[in-house]
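Novice: For reference, the sequence and a predicted model appear below.
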Amino acid sequence: MRFRPVPVTLPGRERSDAAAILADIRRDVDEAILEAIGDMPARSLRLADAMRYAATSGGKRFRAALTVTVTQMLGGTRSMALRAAAAIECVHAQSLVHDDLPCMDNDDLRRGRPTAHRQFDEATALLAGDALLALAFDILADPRTHHHAGVRAELVLRLARSVGQDGLAGGQMMDLYPSEIISSAELIACLAGKTGSLIRYAVEAGILLGHADDQCNAGLLSFAQDLGLLFQLQDDLLDAVGDERVVGKALGKDAAKNRKNAVSVLGAEGAAQEAQRLLASCAKALEPFGDRAACLLELARFAARRTL
């Protein structure tokens, strides 16, 4: 019998506003990314085209939504949050471009369209990813992102750490070259790095751009940690039992390559139960914020029930 996960839910409103939150932020973040890439004739037009193709190809903007939502919840300004969100989405796009390359997952489709190296070529895709990563730090270091140099420096430092050896790159390496027998703790470390680190940073950026005390920070960071794991757990469930026509990319890749993920380590039912636990933990962490955190809770619910 094939297990098909039921979307994880919490008691409360039946209708989610997550789609509206994401759509509203997507429009503004895409504008910020396009402005940052620019259209200067002295630059390589092919490189700029590849960057735009990779970074504005209709993604959910989930990480951007976290940054903007946390910033506004904590009294920060939307314009600053949108710049930080654009930087985060540039890094996310870069990670996907490199992840799709022949030397990594060798994927032909991303979000229902040809991957960057298929649309252009492998060298152009590689350079577009490099340029998007550099652009992210450019955006964060610009005084328009925040008037205080210390805040900008902290944004840059934390992003560097979130994508490096102890973050995205380290987690991806664990995913590519896992232990022969992977434990639940190793699985969590891998998920926390390759996916959770950038989601956590999205919340951290909102904290830095807003105004919160240490107790609020701790609650939000706990929320971010659980949310990052929840998001990747749902990804692994989709890879195992999702519909390629809905998801817009090849599925079953982990099983085909004998890679370990949440489903192979915990089982489909175990992964779904862990996702349920993580969603409840996210809700618990947000309780002290009351109604102010309603949008964040909607985004967590979205992460748990998404089908793409």
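Specialist: That came in fine, so what should we check first? Numbering: from 1, shown residues only.

Novice: Show me which helix runs longest in this structure.
Specialist: helix 214-241 (DSSP state H).

Novice: Going by neighbour count, list what's buried in that one.
Specialist: Neighbour counts over helix 214-241 (16 or more other C-beta atoms under 10 Å) mark 216-217, 219-220, 222-240 as buried. The C-beta positions use only the backbone N, C-alpha and C, and glycine is treated the same way.

Novice: again, but for stretch 109-123
Specialist: Within stretch 109-123, the residues that count as buried by 16+ other C-beta under 10 Å are 110, 115-120.

Novice: Let's see which of these end up in helices.
Specialist: Judged by DSSP H, helices contain the following of the buried residues of stretch 109-123: 116-119.

Novice: What is the least confident helix or strand in the protein?
Specialist: helix 244-247 (a mean of 58; mean pLDDT, DSSP states H and E).

Novice: check contacts around Ala149.
Specialist: Contacts for Ala149 (C-beta atoms under 8 Å, 6 or more residues apart in numbering) come out as Pro143.

Novice: May I ask you to confirm that Ala240 is in contact with Gly267?
Specialist: No. Counting by C-beta atoms under 8 Å, Ala240 stays clear of Gly267, with 10.0 Å between them.

Novice: from the ones in helices among the buried residues of stretch 109-123, which is closest to Leu286?
Specialist: Of all those, Leu286 sits closest to Ala116, with 35.9 Å by C-beta to C-beta.

Novice: quick one: the closest one and Asp100 touch, right?
Specialist: Yes. Taking C-beta under 8 Å as the definition, Ala116 is a contact partner of Asp100 at 6.8 Å.

Novice: what touches both of those two?
Specialist: Common contact partners of Ala116 and Asp100 (C-beta under 8 Å, 6+ apart): 110, 125.

Novice: if we can go back for a sec, which one of the ones in helices among the buried residues of stretch 109-123 is nearest to Ser162?
Specialist: For these, the closest approach to Ser162 (C-beta to C-beta) belongs to Ala116, at 22.1 Å.

Novice: Let me know the secondary structure of the residue lying closest to the closest one once chain neighbours are set aside.
Specialist: Residue nearest to Ala116 in three dimensions, not counting chain neighbours: Ala125, with 3.9 Å by C-beta to C-beta, 6 or more residues apart in numbering. Secondary structure, DSSP: H, G, I helix; E, B strand; the rest coil: Ala125 is helix.
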